[in-house]
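Peer 1: Fold the following for me, if possible:
(chains A and B)
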Protein chains: 2
Amino acid sequence: MAQSTPVSPLAPTELAALPPIDGMRIATAAAGIKYKGRTDVLMMVFDAPAAVAGVFTTSRCPSAPVDHCRASLGGGTARAVVVNSGNANAFTGRRGRQATEATAEAAADAVGATPREVFLASTGVIGEPLDAHKFTGLLAGLAETAGADGWRSAADAIMTTDTYPKLATRQVAVDGVTVTINGIAKGAGMIAPDMATMLSFVATDAAIAAPALQAMLSQAVAPSFNSVTVDSDTSTSDTLLLFATGAAAARGGATIETADDPRLDGFRVALSELLLDLARQVARDGEGARKEIQVTVEGATSDAAAKRIALSIANSPLVKTAVAGEDANWGRVVMAVGKAGEEADRDRLAIHFGDIRVAVDGERDPDYSEDAAAAVMRRAEIPIRVDLGLGQGRWTVYTCDLTKEYVAINGDYRS
Amino acid sequence: MAQSTPVSPLAPTELAALPPIDGMRIATAAAGIKYKGRTDVLMMVFDAPAAVAGVFTTSRCPSAPVDHCRASLGGGTARAVVVNSGNANAFTGRRGRQATEATAEAAADAVGATPREVFLASTGVIGEPLDAHKFTGLLAGLAETAGADGWRSAADAIMTTDTYPKLATRQVAVDGVTVTINGIAKGAGMIAPDMATMLSFVATDAAIAAPALQAMLSQAVAPSFNSVTVDSDTSTSDTLLLFATGAAAARGGATIETADDPRLDGFRVALSELLLDLARQVARDGEGARKEIQVTVEGATSDAAAKRIALSIANSPLVKTAVAGEDANWGRVVMAVGKAGEEADRDRLAIHFGDIRVAVDGERDPDYSEDAAAAVMRRAEIPIRVDLGLGQGRWTVYTCDLTKEYVAINGDYRS
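Peer 2: Numbering: from 1, shown residues only, chains lettered A, B, ... in the order given. Sure thing, here's the model as predicted:
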C-alpha cells in the first residue's frame, strides 16, 4: 500500500453535510478485506424497490462487479447496494464471478430481494481473488442496523488512496415538492500495487421511473464525470449508480415517467451540478495534485471536437508538469492542440491563462505580461482557455497537475 | 534552460563511428542562438543534387521549417540542409516564414542552388521569433569549409536536452556495390520552457530515385520512429529526412528507380535496422529515463489494432511509473489493454514480463513467481508481451519509464 499522504491542498475546507434520503438506509462495516482499522464495506438498503440507472467503464476488460451491474440494470429496480474497498475483483476470472454471485445472493437474502436487485462495486487491488466470505456473513446484520444518517460513513468506507471523502447534496423542487439528491464518490487514487477506480453512488427520494433516470444520468455524465481526467488511464471498474427511492410520492410528489417532462427541469440542473461537484472533487484529489486545471476549448468546429482537444491538453504530461512548475507554458498548449487530430488553424489560435491572453493570431501576444501570467499560475485553480476561431464548439475538462508525488505514489513502493 | 542532467544510464557504451558518405560534406558552427559555448548550426552540402524523401509531424500546428520542407519535397532534390538548435521557429507567424525564407535563400546562394533545394529544421524554444540573421551570414563560409568527416559534430550540434548524441551506420551491398547509410537523430528531450522535437537526418551514397526513396522511408518509419513514444506528446517540428547522393554510381553502382526493385532488398533491411536503432536511442534518452520498455502485443485482430493497444500500454502513466518502481504490475497492463478501444477478451489475455508469464486466461498465472518477475524488472530493458489470443496481428512499441526526474526536468525550472 502507498505511504499515507497528506490531505490534498485542494480538499474542500468543509465537507458537505448530507441529510437523510427518505426510503433508504446505510450501514458500513470493517471486514478486514485488506485494510486494518477502518471500514471497508458499504451497504445501502432501499425500503421499497428503487428505480436505478447506471453508467460504467468503457474498458474492454471490465471487473466482475461491472459485469454484474450491467446485467442487472435491465431489471430497472434496486433493493440493495454492496460496495467493498481493498480488492477490485477485476481480472479474477471464474472466481470473480463466483464472488459477485455469492455477494448478490447474501444481500438478496438479507433484504428479501432477488440477486438482480442487488448492485455491486469493488475497488482496490486487481488480479487478487476476492474472498467474499469475509463480508457476506455480515450483510444480514448490516441490513438490520442500517440507518438514515450514514452518508459520511459511506463516503469513508469506499475510499482507497483518496485523501478526503467526497460528498455533495442538493435540494430542488419537483412539481412543488422539495426532493433531495445526495451523492458520494471515490476518486482516481491508485492503490498500490494496482489501479484506480472511480465509484460514485447518488440517490434521491424523487419518484422518477428508471428509463427517465437513465436518460438524465447519461446526459449529465458527459460534462461531469466524463470530462474529468487525472492521468488518462481508464479503470476496469468505474461505476456511477443513481437511485430514486420515490419516497417523495408519499409527501405528495409527482411520479415522473419520462426524461423530457418539464417538471424535471430543475432536477436535471441540480443533478448536473451535483455530478460536476463530485467529479471536480475527484480531479482535485488526483494523486499528488496541488492544482486544479480547468481546460476550456471554444471556437471549435463542434462540441465533440472541442472536447477531444481539451482532453488532449488535459492529458498532456508536458502541460501538466508545466502547471506543476507554475509556468504559463502556452507552447505546450499549442503542441497539445496540434496533436489532437481535430481541425485547428495555427494562425488563428488564441490562448488565455486565467484572464491573461498569452497568444493570439498564431504568435505570442505582443501585450503579454509574464508577471501577470505568473500570478495566475500561482493560484490553486488554473483556467486555461483556447479559442480556435473556427466555429461554435465548446467544452470544459477538469484535471490536476502532474507532480513528483504522482510518480512517488505510483512508482516508489518497491524502491 | 533545464539544469544539465547526467547522461542517461541507457546511453550506448560506445558511440557509433560514422564513415564519410561520398557526395556530401558537413559543417557546424556556434552562432549563439540560445546556448553559449557549443555548436548550434548544422549545414549539410550535397556536391550534386541528391534525391530526398521526408516524413514530418502529424501536428495540425506545424513549425515554419516543416511547412518549408513539405513544400520543397515535391522537387525531389536537395543541395543543402540547414538545422539550428536553440529555437524551434514554431508558432512564430509571419516572422517564422520570413526566417525560413531568409535561411533558404542564404543557403541556396552559398551552394548555387534554389531555395526549394534547401531543407530546414529548427529545434528549441517555441513562440520565440528566430533571428535567422544570427547564422545566415555564416552559411557561405560553412559551405566552403564543409568536410566529409563531420557526422559526430553534426549529431552534437542538433542536441537540445539530449544527454548523448545519437548516431548509427550500416553498410550493405546494392547490386554488388557496397553503399553506406549514416543517420543522426536528436530526441524527445524537452527544452525548457518549451517542447520536444524529434529530428533525424539520414544519408546514403546509393543511387536511388526520390519516389523509391520516399516509398521505402514511409514504410520503414512505421515500425521505428512511429513506434516510439516518450510521453505521448507530439512535437510541432518532428522531421525525418533521407538523402541519396548517388555517388555510388561512380563506383559502378546501379541507379534504382522503384522501391520494389529486388536489388533494394538488402538496403531496405539495413535502412529499417538503422532507423530502429536511432529511434530506440531516442526512447532510451527520454527525459528522466532509467529503463527502456519494449511493449509487444500479439494475437490481435490486426497489426493496426496491436499497435494501438501497444501504444495504450506504452503511454500509460501507471504502467510507466510501475516500471520505474520495478514492479511487475500486470494489473495496469490489463487496464491499458482495456482502455485502448480495440477488441480484447479479458478471459483470453496472457501477459509476460520478459520470459515470466504473470497472467493467463484472464487470471494471475497460478505458477507465477514474484521473485522471478522481480528479477526481470531490475533489468535496464523491460520486455512486456501481451497475447490477446484473437488473431495474427502483432506490433512492438518502444518507450521509457516515467520517473520523478521527468517531472523535475519539465516542471521544476520555475520553482
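
Peer 1: Please name the nearest non-neighbouring residue to A:Ala48.
Peer 2: Spatial nearest neighbour of A:Ala48, chain neighbours left out: A:Gly23 (6.6 Å); criterion: Cβ to Cβ, 6 or more residues apart in numbering or on different chains. Any C-beta I mention is one placed from the backbone N, CA and C, and that applies to glycine too.

Peer 1: what about the one you found, how many neighbours?
Peer 2: By the criterion of other Cβ atoms under 10 Å in any protein chain shown, A:Gly23 has 23 neighbours.

Peer 1: So it sits against A:Asp205, correct?
Peer 2: Yes - A:Gly23 is within contact range of A:Asp205, at 5.7 Å (criterion: Cβ atoms under 8 Å).

Peer 1: and for those two, which residues touch both?
Peer 2: Counting by Cβ atoms under 8 Å, 6 or more residues apart in numbering or on different chains, the residues touching both A:Gly23 and A:Asp205 are A:Thr245, A:Gly246, A:Ala247.

Peer 1: Out of those, flag the one nearest to chain B.
Peer 2: A:Thr245 (33.2 Å; Cβ to the nearest Cβ).

Peer 1: Pass me the low-pLDDT residue ranges in chain A, would you?
Peer 2: A:1-5, A:188-197, A:231-234, A:412-415 (pLDDT under 70).

Peer 1: counting contacts, what elements does the longest strand anywhere in it pack onto?
Peer 2: Of all the segments assigned as strand in chain A under DSSP state E, the longest by residue count is strand A:41-56. Applying 3 or more Cβ pairs under 8 Å, 6 or more residues apart in numbering or on different chains; DSSP states H and E, one finds that strand A:41-56 contacts strand A:24-29, helix A:64-73, strand A:77-87, helix A:139-145, helix A:151-157, strand A:199-204, helix A:210-221, strand A:239-244.

Peer 1: so which of those gets nearest B:Ala154?
Peer 2: Among the helices and strands packed on strand A:41-56, the nearest to B:Ala154 by Cβ to Cβ is helix A:210-221 (53.2 Å).

Peer 1: quick one: the closest one to strand A:239-244, angle?
Peer 2: 130 degrees (axes from the mean of the first three to the mean of the last three Cα atoms, to 10 degrees).

Peer 1: what are the C-alpha coordinates of helix A:210-221, in CSV please?
Peer 2: The C-alpha trace of helix A:210-221 is given here as CSV (Å, rounded to 0.1, in the frame of the first residue of the first chain):
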residue,chain,number,x,y,z
ALA,A,210,-35.9,4.1,-14.4
PRO,A,211,-35.8,5.0,-18.1
ALA,A,212,-36.1,8.7,-17.3
LEU,A,213,-33.4,8.4,-14.7
GLN,A,214,-31.1,6.6,-17.1
ALA,A,215,-31.7,9.3,-19.8
MET,A,216,-30.9,12.1,-17.4
LEU,A,217,-27.8,10.3,-16.0
SER,A,218,-26.4,9.5,-19.4
GLN,A,219,-26.8,13.2,-20.4
ALA,A,220,-25.4,14.7,-17.1
VAL,A,221,-22.4,12.5,-17.0
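
Peer 1: Next, the residues that contact it from outside, please.
Peer 2: Helix A:210-221 is touched from outside by A:51-55, A:76-77, A:208, A:240, A:242, A:244, A:256-259, A:261, A:264, A:267-268, A:271-272, A:275, with contacts defined as Cβ under 8 Å, 6+ apart.
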